[in-house]
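Colleague: Below are the sequence and a predicted model for it; my questions follow.
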Amino acid sequence: MKILVAEDDRISRAFLQKFMSSFGEVDLAVDGMEAVDLYMDSIKENKHYDLLCLDIMMPKVDGLKVLKVIRQLEKQNDVPDAEHLKIIMMTALADVGYVDEAFRQGCDAYASKPVNTDKVEEVMRNLSLID
């Protein structure tokens, strides 16, 4: 599995990299702009990501905008719904409005911080990313 972790907090990024590396190859983005760039590179190189762990609050471009851009790019490239990038939004924010907006924009799941690894594994199973 090819995984992209977009997280601006260094400690959270390192934690997610270590945890997710047991499921596949992990690339890291430190802000939203880098996440979009890495996603676009993966399409050009035909090495698509299977999962994006996306922080909502990031510098340059926030997670909600990244989510919106990715879903628009998928539509422009006629990616079938069954093959779209699975996106788990991650945030420490308690604001339900952000979560609702993320689901309206097309995220597949939501995980609150601090990240509960058992719940993330359960979400990955539910998204058919792992057995």
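Modeller: Cool, got the structure.

Colleague: where does the residue of the chain most remote from its centre sit relative to residue 72, distance-wise?
Modeller: Distance from the centre of the chain peaks at residue 78, with 19.9 Å (CA atoms, centre = their mean). Here residue 78 is placed at a distance of 12 Å from residue 72 (CB to CB, to the nearest Å). In short, each C-beta sits where N, CA and C put it, glycine included.

Colleague: Flag the shaky bits of the protein, pLDDT-wise.
Modeller: 93-95 (pLDDT under 70).

Colleague: Spell out the residue ranges of the strands in it.
Modeller: Using DSSP state E, the strands of the chain run over 2-6, 25-29, 51-55, 86-91, 109-112.

Colleague: Need the winner for burial among these.
Modeller: strand 51-55 (a mean of 26; mean count of other CB atoms under 10 Å).

Colleague: so what does that strand touch, helix or strand wise?
Modeller: Applying 3 or more CB pairs under 8 Å, 6 or more residues apart in numbering; DSSP states H and E, we find strand 51-55 packed against strand 2-6, helix 10-20, helix 32-44, helix 63-76, strand 86-91.

Colleague: try 7 Å this time
Modeller: Here strand 51-55 touches strand 2-6, helix 63-76, strand 86-91, going by 3 or more CB pairs under 7 Å, 6 or more residues apart in numbering; DSSP states H and E.

Colleague: gap between stretch 104-115 and the chain center?
Modeller: Computed by CA atoms, centre = their mean, to the nearest Å, the chain-centroid distance of stretch 104-115 equals 8 Å.

Colleague: hang on, I meant stretch 33-50
Modeller: For stretch 33-50, the distance to the chain centre is 12 Å (CA atoms, centre = their mean).

Colleague: Many thanks, we can stop here.
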